[in-house]
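Asks: coordinates only, sequence not included:
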């Protein structure tokens, strides 16, 4: 069984029978993890809205918005692969950056230097207080996995949880193919 350390830049997969509707079959990119707590974004819960309809004076931009998590759902966050162009971005993993100068981002989008395939926007985020994530890991709520930029920028959200789970191999491949709900006859 693969042992993946919990750290910024890793993926957390909700265990298959998690009941919390916010996290059922989710893949969360962990962007910050330290002694004060953890922050991440759900990668596979697409919302039926575009970022340019949510933010005043945002350039026209055909980019979907995702539900990042149940914390501060009145905020917008973004992860992208243009950290070399966007000042104040924080590198999370190879090929993945978080945040950056928002006014500069709008300029880069208007200039068509940032395209929808380079960035993903989130409403809200997933957050854990000090040692909360470790406690949830201890009870088996989450399965850690290695991050690959394709998970964010190329994979289909509907199949992401199964894809990442399956990529872990062995027993996880079986878990990935389990139906969403198991009923007994």
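Replies: Sure, I can see it. Remember, predicted model here, so these are calculated numbers, not experimental data.
Asks: other SSEs contacting the lengthiest helix in the chain?
Replies: With DSSP state H applied, the helix covering the greatest number of residues in the chain is identified as helix 157-167. Contacting helix 157-167 under the criterion 3 or more Cβ pairs under 8 Å, 6 or more residues apart in numbering; DSSP states H and E are the following elements: strand 11-14, strand 27-34, strand 142-145, helix 149-153, helix 171-176. Using the backbone N, CA and C atoms, a C-beta is placed for each residue, glycine as well.
Asks: among those, which is the most enclosed?
Replies: strand 11-14 (a mean of 25; mean count of other Cβ atoms under 10 Å).
Asks: now for that one, which elements pack on it?
Replies: Secondary elements touching strand 11-14 (3+ Cβ pairs under 8 Å, 6+ apart): strand 27-34, strand 142-145, helix 157-167.
Asks: can you put those in JSON lines and add distance to residue 93 and mean pLDDT?
Replies: Listed next are the helices and strands packed on strand 11-14 as JSON lines, based on distance: least, Cβ to Cβ, whole Å; pLDDT from 0 to 100:
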{"stretch": "strand 27-34", "distance to residue 93": "8", "mean pLDDT": "96"}
{"stretch": "strand 142-145", "distance to residue 93": "12", "mean pLDDT": "92"}
{"stretch": "helix 157-167", "distance to residue 93": "13", "mean pLDDT": "90"}
